[in-house]
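S.K.: Here is a sequence together with a model predicted from it:
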Amino acid sequence: MKHAVTYELLKKDSRTKARRGRVHTPHGTIETPVFMPVGTAATVKAMRPEQVKEMGAQIILSNTYHLYLRPGHEIVREAGGLHKFMNWDRAILTDSGGFQVFSLGALRKITEEGVQFRSHIDGSKHMLSPEKSMEIQNALGSDIMMAFDECAPYPSDRDYVKNSLERTTRWLKRCKEYHKDTERQSLFGIMQGGMYKDLRYESAMQVVDLDLPGYAIGGLSVGEPKELMLDILDDCVDYLPEEKARYLMGVGSPDYLFEGVERGVDMFDCVLPTRIARHGMAMTSYGRVNIKNAKYERDFEALDPECDCYTCRNYSKAYLRHLYKCDEMLSAMLLSNHNLHFLVNMMGNIRKAIEEDRFLEYKNEFYTKYGRF
Ligand code: GUN
Ligand code: ZN
């Protein structure tokens with residue numbers, strides 16, 4: 001049986017676990033390692049799809065939870081699927097809703113069947129289960145669907161994490177059982193196991209045993225110290241097969257992208273670039289810029305002299321600061337455009353560096369200029 005999504009390994013770095021590859025999907029080929037901009041509610045906030053494409057984004061992420069509540073997955077199905085609905089013809093990955101409902105705190109209740117929760121919008125009662133999540137993601141028509149999982153909070157005790165990861169495996173089997181059209185959409189499994197290496201191993205063995213087209217590492221970057229996160233991640237990757245795509249969920253600051261690539265991760269997503277843009281923050285070659293700062297009042301230079309995005313080619317820091325101060329919509333639009341361009345471009349540089357076997361040199365060069373993270 002042919003899978004909708006397949007991974008092709010092109011080259012391995014000689015000194016680290018970094019790798020250059022391709023993920024083939026029904027909506028095009030994705031060069032990896034890749035950063036996926038987040039379009040939670042069927043839009044990358046403040047961006048038109050043409051701009052997201054123009055900067056070179058090859059795949060975006062959207063959310064089961066949000067689209068189920070609004071506008072409802074049946075409406076997206078009637079519209080002809082998510083690609084058509086939002087006018088995005090490249091690949092789409094949808095998260096399962098697991099992570100989002102678990103973030104609701106007091107508003108949710110976990111059982112073996114699934115998760116009961118109240119909508120953050122109007123308080124109405126709903127149930128998400130592995131089957132329901134698959135039904136919704138089938139209706140959305142994303143290229144890559146994520147398994148319905150539980151991401152244990154940090155810190156959690158061992159017993160809690162063990163029960164949770166074992167239930168996540170049972171849920172994954174139900175997802176796989178429910179999802180029939182594997183030639184149109186591919187299901188990725190998610191490894192959990194918190195900060196316990198033996199539980200990470202147990203989770204990986206169970207998930208990999210199901211022979212899925214790709215695997216994600218979940219439950220990281222949930223508030224644990226950076227050193228701990230990188231130590232766990234380093235092991236997690238070793239438990240995954242070389243011939244399948246590896247996706248580190250919810251990670252997207254420049255330093256974590258480098259550290260993830262170095263450890264053998266192929267795919268990343270994060271709301272960070274677009275979220276901080278709406279708060280007047282930019283990522284540049286020389287570190288973070290807070291455009292609110294008074295020192296930019298008369299700074300008529302580009303945000304990042306080394307960036308060739310639309311924002312940096314046409315506007316000054318003084319103008320961007322002015323827009324932010326006046327609460328103008330164009331502020332979020334221009335800063336989101338720059339931040340996404342910055343990360344997408346950085347990943348392109350990383351791919352090229354791996355091809356030329358100078359990944360570590362490029363990492364050093366980047367870190368030296370960027371400064372503290
Ligand atoms: N996004 C960030 N972390 C996670 C995770 O552990 N599970 C899911 N489904 N999404 C995530
Ligand atoms: Zn720029």
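M.R.: Sure, I can see it. Ligands and ions are numbered 1, 2, ... in the order given.
S.K.: Near ligand 2, which residues of this structure are found?
M.R.: C307, C309, T311, C312, H338 (CB under 5 Å from the ion). C-beta coordinates here come from the backbone N, C-alpha and C atoms, glycine included.
S.K.: My read is that the first one contacts T284, right?
M.R.: Read that as C307. Yes - using CB atoms under 8 Å, C307 makes contact with T284 at a distance of 7.0 Å.
S.K.: Just say helix, strand or coil for the residue of the chain most remote from its centre.
M.R.: Most distant from the centre of the chain: R298, at 36.3 Å, with distances by CA atoms, centre = their mean. Look at R298: counting by DSSP: H, G, I helix; E, B strand; the rest coil, its state is coil.
S.K.: how much space between it and ligand 2?
M.R.: In this view, R298 and ligand 2 are 20 Å apart by CB to the ion, to the nearest Å.
S.K.: Now do the contacts for the most centrally placed residue in the chain.
M.R.: The structure's the chain has its C-alpha centroid closest to D269; by CA atoms, centre = their mean the separation is 1.8 Å. Shown in contact with D269 (CB atoms under 8 Å, 6 or more residues apart in numbering): F35, M36, P37, V38, L61, L93, Y247, M249, G250, V251, G252.
S.K.: S285 too?
M.R.: Remark: with contacts taken as CB under 8 Å, 6+ apart, S285 is in contact with D304, P305, E306, C307, K369, Y370.
S.K.: Which residues are in contact with the fifth one?
M.R.: Which is K369. Counted by CB under 8 Å, 6+ apart, K369 has contacts S285, Y286, G287.
S.K.: Include pLDDT when you put those into TSV, please.
M.R.: Converted to TSV, those look like this (pLDDT from 0 to 100):
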residue	pLDDT
S285	97
Y286	97
G287	97
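S.K.: ok, now which ones touch the nearest residue to M283 once chain neighbours are set aside?
M.R.: Nearest non-adjacent residue to M283, counting by CB to CB, 6 or more residues apart in numbering: F342, 5.0 Å away. Residues near F342 by CB under 8 Å, 6+ apart: P273, A282, M283, T284, D304, C307, C309.
S.K.: what's the answer for W88, then?
M.R.: Shown in contact with W88 (CB under 8 Å, 6+ apart): G39, P49, V52, I60, L82.
S.K.: quick one: the helices in the stretch 51-200 of the chain?
M.R.: With DSSP state H, counting those that start in this stretch as the criterion, the stretch 51-200 of the chain has helices at 64-69, 73-78, 82-86, 98-102, 130-140, 158-178, 197-208.
S.K.: can I get those in JSON lines with mean neighbour count, mean pLDDT and distance to ligand 1?
M.R.: Listed next are these as JSON lines, based on neighbours: other CB atoms under 10 Å; pLDDT from 0 to 100; distance: least, CB to the nearest ligand atom, whole Å:
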{"stretch": "helix 64-69", "mean neighbour count": "23", "mean pLDDT": "98", "distance to ligand 1": "9"}
{"stretch": "helix 73-78", "mean neighbour count": "16", "mean pLDDT": "98", "distance to ligand 1": "17"}
{"stretch": "helix 82-86", "mean neighbour count": "19", "mean pLDDT": "98", "distance to ligand 1": "17"}
{"stretch": "helix 98-102", "mean neighbour count": "23", "mean pLDDT": "92", "distance to ligand 1": "3"}
{"stretch": "helix 130-140", "mean neighbour count": "23", "mean pLDDT": "98", "distance to ligand 1": "9"}
{"stretch": "helix 158-178", "mean neighbour count": "18", "mean pLDDT": "98", "distance to ligand 1": "9"}
{"stretch": "helix 197-208", "mean neighbour count": "20", "mean pLDDT": "98", "distance to ligand 1": "11"}
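S.K.: Could you list the buried residues of stretch 215-233?
M.R.: 215-222, 224, 229-230, 232-233 (16 or more other CB atoms under 10 Å).
S.K.: So which of these are in helices?
M.R.: Among the buried residues of stretch 215-233, the members found in helices (DSSP state H) are M229, L230, I232, L233.
S.K.: measure F373 to N364 for me?
M.R.: To N364, F373 is 14 Å away according to CB to CB, to the nearest Å.
S.K.: scratch that, M329 is what I was asking about
M.R.: Here M329 is placed at a distance of 39 Å from N364 (CB to CB).
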